[in-house]
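In: what would the 3D arrangement of this be:
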Amino acid sequence: MNLTQYVRFKKKYILQVCIAFFFMFAALLALGTLTETLLLSAIGACSLGSSVTTAFITPTSPTSHPVNAIGGYIIGMCVGFLCFYGDYFTRDLFPLVNFINIDGAFGALAISLSLVIMAILKLEHPPAAGFALGLVLEHWDHYTIIIVITFVLMLTVIKRLLLPWLDK
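Out: Predicted coordinates:
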């Protein structure tokens, strides 16, 4: 974007920033109020923040499509659960491997698997891979999962309703 584009589309850019602000403020309030795990709340908020940026700054990009956002988060959540439990059971079954950074290995696996599955299913939404990583690195509670998925659904609805004003 250059200055000429900004002046020409100033109202749209201001609208995008205001929508992103209010959406993330509500998400952060919900995550801060209802979740017990501070780190996962931060990771969930960071992945949501990336999704908000994608939805409102590049509203017509394929990664911003509602199906990709919802599908990407479902994939990220499932892979995150799988890798979290893989990490958990690996520690219990093989206590001698604790000298290796198992969290890091399963975290990297969560991101890699999420991205590969998203690409195969054509549901690319990179911020959702960050959510998978968050599920592996920190113990999570069900409120965080519910809040993140709810806000992803709300994000797709809001973006869909506002697309005529967001599209350049």
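
In: ok, and the closest non-adjacent residue to residue 58?
Out: Counting by C-beta to C-beta, 6 or more residues apart in numbering, residue 58 lies nearest to residue 64, which is 5.5 Å off, once chain neighbours are set aside. The way it works is simple: take the backbone N, C-alpha and C, and place the C-beta from them, glycine included.

In: from what I see, the one you found and residue 53 are in contact.
Out: No. With the criterion set as C-beta atoms under 8 Å, residue 64 and residue 53 do not qualify as a contacting pair; they are 9.5 Å apart.

In: who has more neighbours, the two?
Out: Neighbours were tallied for residue 64 and for residue 53 using other C-beta atoms under 10 Å; the higher tally belongs to residue 64 (22 against 15).

In: and for residue 12, the neighbour number?
Out: 14.

In: circling back: so what's the residue nearest to residue 58 up against?
Out: 54-55, 58, 159 (C-beta atoms under 8 Å, 6 or more residues apart in numbering).

In: local confidence estimate at it?
Out: Residue 64 carries a pLDDT score of 90 in this model.

In: any figure for the gap between it and residue 79?
Out: Residue 64 is 21 Å from residue 79, where distance means C-beta to C-beta, to the nearest Å.

In: the helix ranked longest in the chain - contacts with which helices or strands?
Out: What stands out as the longest helix in the chain, according to DSSP state H, is helix 66-93. Here helix 66-93 is seen to pack against helix 38-57, helix 102-121, helix 127-137, helix 142-166 when contacts are counted using 3 or more C-beta pairs under 8 Å, 6 or more residues apart in numbering; DSSP states H and E.

In: and stretch 86-105, how far from the chain's centre?
Out: How far stretch 86-105 lies from its chain's middle: 26 Å, per C-alpha atoms, centre = their mean, to the nearest Å.

In: and the contacts of it?
Out: Under the contact criterion C-beta under 8 Å, 6+ apart, stretch 86-105 has outside partners 106, 109, 136-137.

In: neighbours of residue 109, how many?
Out: With other C-beta under 10 Å as criterion, residue 109 counts 18.

In: quick one: residues contacting it.
Out: By C-beta under 8 Å, 6+ apart, the contact list for residue 109 reads 83, 86.

In: from now on call the first residue 423
Out: Sure thing, new numbering starts at 423, so read that last one as residue 531.

In: per-residue confidence at it?
Out: Looking at residue 531, its pLDDT stands at 93.
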